[in-house]
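Colleague: Generate a structure from the sequence data that follows.
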Amino acid sequence: AMTSKHARNITSMIRRRPPPPASIPPNTAYGGFSASLIPTLSSMTINIDNLHTIDQFHTGGKRSAGEFFDYLSIPHNSVVLDVGSGLGGPARMLLSKPYHVKEVVGVEREGKFVEAAEWIQSNVV
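Modeller: Numbers count the residues shown, from 1 in each chain. Down below sits the predicted model:
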């Protein structure tokens, strides 16, 4: 059984940024980079090691995602649902070593993030 201490640890590990104020249009939240992301990325050599600086939207970035995945002990060949998947950073981590999940299904409401995530995935080297 999960104790309240475990629940607090998980909550602190997955804490996300607060939602942007209602006055900020959704696709310009957090710097508005989603509109210009694809041209910027197309000029880069993209791999999982240099992409994490922009595709990990949660507090703590790649390090905290790794700690959270280690804590969960996700079995190899699992199928994982990533709600609020953003640009897909945590999903890509799960599909790589040492996690080796079978599939990650991402759900994201921001169309520009979905578009950028699809472009990133098809162009990752």
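
Colleague: lowest average confidence, helix or strand, in the chain?
Modeller: Here the helix or strand of the chain ranked lowest by mean pLDDT, DSSP states H and E is helix 4-14, holding a mean of 46.

Colleague: mean confidence for the next helix-or-strand element following that one?
Modeller: Where DSSP states H and E defines the elements, the next helix or strand beyond helix 4-14 is helix 37-42. The average pLDDT within helix 37-42 is 76.

Colleague: list the helices and strands helix 37-42 packs on?
Modeller: The elements that helix 37-42 packs onto, with contact taken as 3 or more CB pairs under 8 Å, 6 or more residues apart in numbering; DSSP states H and E, are helix 111-123. For glycine as for every other residue, the C-beta is placed from the backbone atoms N, C-alpha and C.

Colleague: Counting by contacts, list what the host helix or strand of Val105 packs against.
Modeller: According to DSSP H and E, Val105 maps onto strand 103-107. Strand 103-107 makes packing contacts with strand 79-83, helix 89-95 when contacts are defined by 3+ CB pairs under 8 Å, 6+ apart.
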